[in-house]
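J.: Predicted model follows, preceded by the sequence.
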Amino acid sequence: MILRPEIRDLISALWREIEVLRVENAALRQEAAELRRQLDKNSSNSSKPPSSDGLKKPPRIAGSLRGRSGKTSGGQAGHAGGTLKPAAKPDVVERREAEACRHCLAGLTAAMVTGVEKRQVFDLPEPRLTVIEHHAMIYRCARCRGRTTASFPEGVISPVQYGPRARAAAVYLHVQQLVPEDRVAQAMADLFGAAGLCPASVVAWGERKAEAFEPVAARIAALVGQAPVRHLDETGFRVAGKTQWLHTASTPALTSYRVTAKRGALPKGFCGGVVVHDHFKPYFTLPGVRHGLCNAHHLRELKALTDIDKEPWAGQMRDLLVEANAAVSGAVAEGAPTLPTPVLRTLIKRYNAIVRRGLAFHRSQPPLARPIGARGPPPHRPGHNLLIRLHRFKHDVLRFLYDFAVPFTNNQAERDLRMMKVRMKISGSFRTMAGARTFARLRSVIATARKQGWNILQTLAANPANLIHALA
């Protein structure tokens, strides 16, 4: 059948319109899927913080590293109680005497005492500062008639001033407990009777303490650089209305913070070893180090692919990683230095097979629509991108299997950064970069002191040289 030219042109125009509609439909379906993915994200399947979940708590994560212990809530059988114990030498003893018998109302005397029942009350003393007045004797030499004044203790430079422990308490409230400086002044007045303290003094004390602690913070950073395994992470915060970055490099015993204008500003002085991180690409440019990737991030991504995208391989990979971590934990508990070779080979073989199945699944999917005028390689789905990462960085993902010193996650660094987020929620941004660096330096010393088991108030009042010696 021969069609007339105008019919052929109409059919061609219709086919072109159908093709345009097909492309638009694919783009709209792709956009709708991405929007659904964003709406279904929460703290259990992405890097969103738990506070973003709102009042609706997400269900317990199936296969979570924490899981269910099977124990009832509260104290367990055999748990040592943490109640107060009587002091052997109380500070004050008050005698309580009776004047009449509670039965017949006859009079009682000291000679009738047959025993003592003791009860102790642990309480705070009346809040007040102790005032120490130093008298420096002034001498007139009998020989040359020269005048000599005795020396005051180190740091006593004004006619009236607060002492090192009072200053340490104010810095502790401001930097460790994250109380704003005006409320620190109120707390010091209420707790210790320091009614004349002003917020500007709290800020000045923090600045001077941070300056004195500069060599301590530098020593902490140097020790982290020499550690065989260290954790790296970063978070953004606002300084004078601009986004800046707080970096942490930490170990279970040390914490070092840095404030920079660029997220990709890398730490310096690392000597070999392993850095654990969440696959932030600039970390891969650190010279002479090996890498361990955070599998907590992988588990969250895999949960999103299982729950939202319904990709069959994702649940298998999630189960494998959880099982591998359990195998390492069991080996460590038994004192084994490595996994048994058959177990290690089986886990790696399963890992490779799951990656191959996942890649095959994505090769069978229709390609994603590309925006008009887009350049570069074709876009991949989130699951495809994760598979490529799991394939290319297999040894970094599974390093915890080979080296038991490398943890399964980067939770150490995330815990070290959490207080910055709390500080931002309480006080918002910093006014100056100098203030942000003061906070970071003091937090480096305080966080390290906490990990070392030191008393924080004593640390803030200590000589920096003594702290450096204690770290060594």
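T.: Yep, that arrived.
J.: C-alpha only now, for contacts and for neighbours.
T.: OK.
J.: buried residues in stretch 288-296?
T.: By neighbour count on 16 or more other CA atoms under 10 Å, the buried set for stretch 288-296 is 289, 290, 291, 292, 293, 294, 295, 296.
J.: In helices, which of these fall?
T.: When DSSP state H defines the helices, the subset of those inside them is 295, 296.
J.: And the helices in the stretch 201-350 of the chain, which stretches?
T.: Taking DSSP state H, counting those that start in this stretch as the criterion, the stretch 201-350 of the chain carries its helices at 214-226, 295-307, 312-333, 341-363.
J.: out of the ones you listed, which comes closest to residue 266?
T.: With distances scored as CA to CA, the stretch of the helices of the stretch 201-350 of the chain nearest to residue 266 is helix 214-226 (12.1 Å).
J.: Counting by contacts, list what that closest one packs against.
T.: For helix 214-226, the packing partners by 3 or more CA pairs under 8 Å, 6 or more residues apart in numbering; DSSP states H and E come out as strand 242-250, strand 255-260, helix 433-452, helix 464-471.
J.: can you do 10 Å?
T.: Here helix 214-226 touches helix 199-212, strand 242-250, strand 255-260, helix 433-452, helix 464-471, going by 3 or more CA pairs under 10 Å, 6 or more residues apart in numbering; DSSP states H and E.
J.: Deepest in the core, which of the ones you listed is it.
T.: strand 255-260 (a mean of 24; mean count of other CA atoms under 10 Å).
J.: if I look at the nearest residue to residue 86 once chain neighbours are set aside, how far off is residue 413?
T.: Spatial nearest neighbour of residue 86, excluding adjacent residues (CA to CA, 6 or more residues apart in numbering): residue 120 at 6.6 Å. Relative to residue 413, residue 120 is positioned 43 Å away (CA to CA, to the nearest Å).
J.: More neighbours: those two, which one.
T.: The neighbour comparison of residue 120 against residue 413 (other CA atoms under 10 Å) goes to residue 413, with 23 against 12.
J.: Are there helices or strands packed against the helix or strand hosting the more buried one, and which ones?
T.: Using DSSP states H and E, residue 413 sits in helix 411-427. Under the contact criterion of 3+ CA pairs under 10 Å, 6+ apart, helix 411-427 touches strand 229-239, strand 242-250, strand 255-260, strand 274-277, helix 295-307, helix 433-452.
J.: try 7 Å
T.: With contacts defined as 3 or more CA pairs under 7 Å, 6 or more residues apart in numbering; DSSP states H and E, helix 411-427 has these neighbours: strand 229-239.
J.: how about the strand it packs on as PDB, C-alpha atoms only?
T.: Taking Å, rounded to 0.1, in the frame of the first residue of the first chain, the C-alpha atoms of strand 229-239 are listed here in PDB:
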ATOM      1  CA  VAL A 229      45.300   3.500  63.200                       C
ATOM      2  CA  ARG A 230      43.500   6.900  63.300                       C
ATOM      3  CA  HIS A 231      40.100   8.100  62.400                       C
ATOM      4  CA  LEU A 232      39.400  11.100  60.200                       C
ATOM      5  CA  ASP A 233      36.200  13.100  59.700                       C
ATOM      6  CA  GLU A 234      35.000  16.600  59.100                       C
ATOM      7  CA  THR A 235      31.800  18.700  59.600                       C
ATOM      8  CA  GLY A 236      30.800  22.100  58.500                       C
ATOM      9  CA  PHE A 237      29.800  25.000  60.800                       C
ATOM     10  CA  ARG A 238      29.300  28.700  60.500                       C
ATOM     11  CA  VAL A 239      31.900  31.400  61.400                       C
END
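J.: Name the spans of the stretch 51-200 of the chain whose pLDDT lies under the cut-off.
T.: Within the stretch 51-200 of the chain, the stretches with pLDDT under 70 are 51-70, 74-75, 81.
J.: what about 90?
T.: Applying pLDDT under 90 to the stretch 51-200 of the chain flags the ranges 51-85, 110, 123-130, 154-155, 191-196.
J.: where exactly do the strands run in it?
T.: 138-140, 147-149 (DSSP state E, counting those that start in this stretch).
J.: Put together CSV for these, with mean neighbour count and distance to residue 7 on each row.
T.: Formatted as CSV, the strands of the stretch 51-200 of the chain follow (neighbours: other CA atoms under 10 Å; distance: least, CA to CA, whole Å):
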stretch, mean neighbour count, distance to residue 7
strand 138-140, 11, 118
strand 147-149, 11, 115
